[in-house]
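Engineer: need a structure here:
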Amino acid sequence: MTNDSTTTPRWRRIVFKPSGEALAGPSGRGLDGPTLDATAREIIDLRQNLGVDVAVVVGGGNFWRGRTGAIEGMDATQSDHIGMLGTVMNALALQDALERQGQPTRVQSAIEMPRIAEAYIRRRAVRHLEKGRVVIFAAGTGNPFFTTDTAAALRAAEIEADALLKGTHSGVDGVYDADPRVDDSAVKYDEVGYMEVMTKNLKVMDATAIAFCRDNSIPIVVFDMTSPGALRSILCGEAVGTMVHDV
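Structural biologist: Predicted structure coming up:
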């Protein structure tokens, strides 16, 4: 990649929230090497060519779908802890993909596991970003009953990110008034307000995450992360996906 010094990104620090299933490639389960490598290249492009601080909060749905993937009768807290461990696996895999391509990376886990990841410390995370490292936040918030969407909103506020970019999969390229995969008449929003997302129960992120972003004035961009170059296009100000913000 060549350094594009003529491009000024619209945001200087972001949290990127890829779904676990998006890292799994076409199968939606486990991990897919080419998908990890492509995702790493896009992140590196932002960091090295646009000078954007990039933090990543990974989901774990490719390994464990929380309550819907739980064994019947399993304790809800136990199920959530299994899901958190799934996010750690994704974080380590993405770290490997980034570092094989020359990008210094740190994984910080909300559940302490010092042999494989740093404990989450906000000041340390910010310092890593300032030094040009990509920081991957694993294990959600470390608490059951909170999704990785909420973890992404929380971390974005803590590190003073300018925006939260949520990457979807399965070809859904933004926020619609109905599920475009089953309703051909579904209409896509280019922009939508936080309150409209909550009152109409639009499937963007969980309500806690939306309210947190609203209260902290953090815009959210929902986009199809399988579309090549989408991250760069968003940072360069192009109309990609749907922006959720104060309107």
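Engineer: now residue 184, what's its secondary structure?
Structural biologist: Using DSSP: H, G, I helix; E, B strand; the rest coil, the structure places residue 184 in coil.
Engineer: Tally up the residues packed near the residue nearest to residue 107 when sequence neighbours are not counted, please.
Structural biologist: Closest residue to residue 107 apart from its sequence neighbours, by Cβ to Cβ, 6 or more residues apart in numbering: residue 117 at 4.2 Å. Placement of C-beta: from N, CA and C, glycine included. By the criterion of other Cβ atoms under 10 Å, residue 117 has 22 neighbours.
Engineer: Name the residues of stretch 48-67 that are buried.
Structural biologist: 48-50, 52-66 (16 or more other Cβ atoms under 10 Å).
Engineer: And the average pLDDT for it is what?
Structural biologist: Average pLDDT, stretch 48-67: 91.
Engineer: Tell me how far it lies from the chain's centre.
Structural biologist: 4 Å (Cα atoms, centre = their mean, to the nearest Å).
Engineer: repeat for stretch 205-224
Structural biologist: 12 Å.
Engineer: ok, now stretch 218-228?
Structural biologist: Taking mean C-alpha positions (Cα atoms, centre = their mean), stretch 218-228 and its chain are 9 Å apart.
Engineer: hmm, who's touching it?
Structural biologist: 18-19, 22, 38-39, 153, 156-157, 161-169, 171-175, 204-205, 210, 212-213, 230-231, 234, 240-245 (Cβ atoms under 8 Å, 6 or more residues apart in numbering).
Engineer: Take those residues and keep only those in strands.
Structural biologist: 18, 163, 164, 165, 166, 167, 168, 175, 242, 243, 244, 245 (DSSP state E).
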